[in-house]
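Student: please work out how this folds:
(2 chains)
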Amino acid sequence: MNKIALSIVTLSLVVALGIIFSWGSEGRAGGSAGGAAQNVETREGVQYITINARGGYSPRVSYAKADIPTKLIVKTNGTYDCSAALVIRALGFQKILSPTGEEIIDIGTPKAGAPLQGLCSMGMYSFLVNFK
Amino acid sequence: MLKTHIFHITGTHCPSCKILIEDILREQEMVKHVQVNLERETVEIGTNSEKTSKEFAEILNEKIKPNGYTLSIDNFNTPTTERYDDVIWKAIPMGLLFLTLFFLLQKSGILNFGIGGQTTPMTSFLIGLIASVSSCLAVVGGLVLSLSAKISEDNESDTKTFILFHAGRLVSFALLGGLLGVIGNAIGINFTFTAILGIIASVVMISLGLNLTGVFSKHRVTLPSGIFNFFRKIEHKSFTPLAIGFGSFFLPCGFTQSMQIAAVGSGSFISGMLIMFAFALGTLPMLALLSFGSASFAHGRHAPLFFKSAGVVVVGLGIFALLAGLAGLGVIYPLFNI
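Tutor: Alright, predicted model coming up:
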């Protein structure tokens, strides 16, 4: 077969793969700060950040306030995929969450500029919480 | 009268293969002289027998098959290097196409529908079906594909090996599931342990994948022959496929881990066993398709194209699994979110 045609196909597939991998991780660089606020609320002096876990974590990037006691709520709803196997290295937290429920994780009083990262055990899903 | 036959030979992975093949063939009565050319993958045999090339190849094949080599009279009219260059050009887009479709499927979110309620053997069977086409396929399926293609490439009696692998997988999932039900959290499966296993699996996938594509076929010397001899020895034993089937219980896969927790929570040997067995049964169709599918391609007309495409796919999945595994261990920043 024609090598030129095949190399064009190859190139376009590489581009397609590149798009698949970068699409959805745009939040890392800065992301949509506007939409991210909805998952953070403060009740009785404690800040709660809610992350939904199923087929990945949403929102991928959250923004919360630093220097107040904070808890992370990870919600599962029929979650059997990797996102149920949650690892937060900074806290030494490793747990396989129950398929449906809420996991409340105390993250103490976070400092500004020290983002918190959660991953699934296989490493292909992640979320990030920025504190400022 | 002395006649010279030239055959194509496959399975020559190491410099010492030349010596081994020449030794075996020289022992045959009708063989007068033997010369193996590793670069061209040919063997030249001088004989005084009046048999045709085809008959001759069949007789000699019986002698060298147990060592994983195959003689053939086909694929021979064009020089090997040219033929391979051609095939790799088709194999790369084919492999990439498969990878693109696979990751698109992951990205589409089709696989993320929830299954509510309690985990019963029925739901764990369904979860197994989903898991076998999910990103777990990148690790478990990639490993199965690379090992299967490798075994088929070396050895035509591969069916037994695959049956042993799948049987080993089903039995060990059932037994370990039962064990989890009894002992419960006492043997909680460590995340770091599974992540390291996953990284080892991905390194094996990348190296087998590169080997399948044959990109380095001209530089075989760089691959340590001791390792290949080791692989050669173990892949023909019944124990190895069973052990790999057993090991797949611990490979990193979110679905497997969820099921393991369900088995722990079930609290009894029988229910833990049923959950894990049903899960493994759910993953069986896809994994069996990968191994037996690769066997049937491997013996077909498009075998070189299949091996190289499979190599491209396996290298791609291996890189994905490696990067994800390193991110999971906290070694590197997560590069992607599938």
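
Student: switch to C-alpha atoms for all contacts and neighbour counts from now on
Tutor: Fine.

Student: show me what contacts residue B:258?
Tutor: A:80-81, A:84-85, A:96-99 (C-alpha atoms under 8 Å, 6 or more residues apart in numbering or on different chains).

Student: check which helix or strand it maps to.
Tutor: For residue B:258, the host element (DSSP states H and E) is helix B:254-266.

Student: which stretches of the stretch 151-300 of chain B form helices?
Tutor: Under the criterion DSSP state H, counting those that start in this stretch, helices of the stretch 151-300 of chain B are mapped to B:159-183, B:191-213, B:225-235, B:239-247, B:254-266, B:269-298.

Student: sorry, back to before: give me the subset of the contacts of residue B:258 touching chain B.
Tutor: Among the contacts of residue B:258, the ones lying close to chain B by the criterion of C-alpha under 8 Å from any C-alpha of the partner chain are A:80-81, A:84-85, A:96-99.

Student: nearest to residue A:10, of the contacts of residue B:258?
Tutor: Of all the contacts of residue B:258, residue A:10 sits closest to residue A:81, with 31.3 Å by C-alpha to C-alpha.

Student: in chain A, where's the longest helix?
Tutor: Longest among the helix segments of chain A by residue count, using DSSP state H, is helix A:3-22.

Student: and for the residue in chain A that chain B sits nearest to, nearest residue in space, chain neighbours not counted?
Tutor: Nearest residue of chain A to chain B, counting by C-alpha to the nearest C-alpha: residue A:82, 3.4 Å away. Distances taken as C-alpha to C-alpha, 6 or more residues apart in numbering or on different chains place residue B:254 nearest to residue A:82, at 3.4 Å, with adjacent residues excluded.

Student: that older thread, of the helices of the stretch 151-300 of chain B, which stretch is the most buried?
Tutor: Looking across the helices of the stretch 151-300 of chain B with neighbours counted as mean count of other C-alpha atoms under 10 Å in any protein chain shown, the highest average goes to helix B:254-266: a mean of 25.

Student: now it, how far from the chain's geometric center?
Tutor: 26 Å (C-alpha atoms, centre = their mean, to the nearest Å).

Student: do the same with stretch A:113-129
Tutor: Here stretch A:113-129 is found 5 Å from its chain centre; the criterion is C-alpha atoms, centre = their mean.

Student: mind checking which helix or strand of chain B has the lowest mean pLDDT?
Tutor: Least confident element among the helices and strands of chain B, by mean pLDDT, DSSP states H and E: helix B:225-235 (a mean of 58).

Student: go on, chain A?
Tutor: helix A:33-36 (a mean of 45).

Student: returning to what we had before: in helices, which of the ones next to chain B among the contacts of residue B:258 appear?
Tutor: Among the ones next to chain B among the contacts of residue B:258, no member falls in helices (DSSP H).

Student: wait, which of the residues you listed is closest to residue B:64?
Tutor: Distance to residue B:64 across the ones next to chain B among the contacts of residue B:258 (C-alpha to C-alpha) is lowest for residue A:81, with 46.2 Å.

Student: got a pLDDT number for that closest one?
Tutor: Listed pLDDT for residue A:81 reads 80.

Student: for it, grab phi and psi.
Tutor: When read as degrees, to the nearest 10, the backbone of residue A:81 gives phi -80, psi -170.

Student: also residue A:69?
Tutor: phi -60, psi 130.

Student: please save the CA atoms from the longest helix of chain A in PDB.
Tutor: Provided in PDB are the C-alpha atoms of helix A:3-22 (Å, rounded to 0.1, in the frame of the first residue of the first chain):
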ATOM      1  CA  LYS A   3       3.400   4.600   2.300                       C
ATOM      2  CA  ILE A   4       2.400   8.300   2.100                       C
ATOM      3  CA  ALA A   5      -1.200   7.500   2.600                       C
ATOM      4  CA  LEU A   6      -0.400   5.300   5.500                       C
ATOM      5  CA  SER A   7       1.800   7.800   7.100                       C
ATOM      6  CA  ILE A   8      -0.900  10.400   6.800                       C
ATOM      7  CA  VAL A   9      -3.300   8.000   8.500                       C
ATOM      8  CA  THR A  10      -0.700   7.400  11.200                       C
ATOM      9  CA  LEU A  11      -0.200  11.100  11.800                       C
ATOM     10  CA  SER A  12      -3.900  11.800  12.100                       C
ATOM     11  CA  LEU A  13      -4.300   8.900  14.600                       C
ATOM     12  CA  VAL A  14      -1.500  10.300  16.700                       C
ATOM     13  CA  VAL A  15      -3.200  13.700  16.700                       C
ATOM     14  CA  ALA A  16      -6.500  12.100  17.600                       C
ATOM     15  CA  LEU A  17      -4.900  10.300  20.500                       C
ATOM     16  CA  GLY A  18      -3.300  13.500  21.600                       C
ATOM     17  CA  ILE A  19      -6.700  15.200  21.600                       C
ATOM     18  CA  ILE A  20      -8.300  12.400  23.600                       C
ATOM     19  CA  PHE A  21      -5.600  12.600  26.200                       C
ATOM     20  CA  SER A  22      -5.500  16.300  26.600                       C
END
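
Student: so for that helix, what's the average pLDDT?
Tutor: For helix A:3-22, mean pLDDT is 79.

Student: point out where the stretch 201-338 of chain B drops to low pLDDT.
Tutor: Applying pLDDT under 70 to the stretch 201-338 of chain B flags the ranges B:215-238, B:335-338.

Student: for chain A, give me its nearest residue in it.
Tutor: For the stretch 201-338 of chain B, C-alpha to the nearest C-alpha, closest residue to chain A: residue B:254, 3.4 Å.

Student: ok, that residue touching residue A:121?
Tutor: Yes: at 7.0 Å, residue B:254 counts as touching residue A:121 under the criterion of C-alpha atoms under 8 Å.

Student: between the two, what contacts are shared?
Tutor: Here residue B:254 and residue A:121 share the contacting residues A:82-83, A:85, scored by C-alpha under 8 Å, 6+ apart.

Student: list the contacts for residue B:316?
Tutor: Residue B:316 sits next to B:99, B:206 when contact means C-alpha under 8 Å, 6+ apart.
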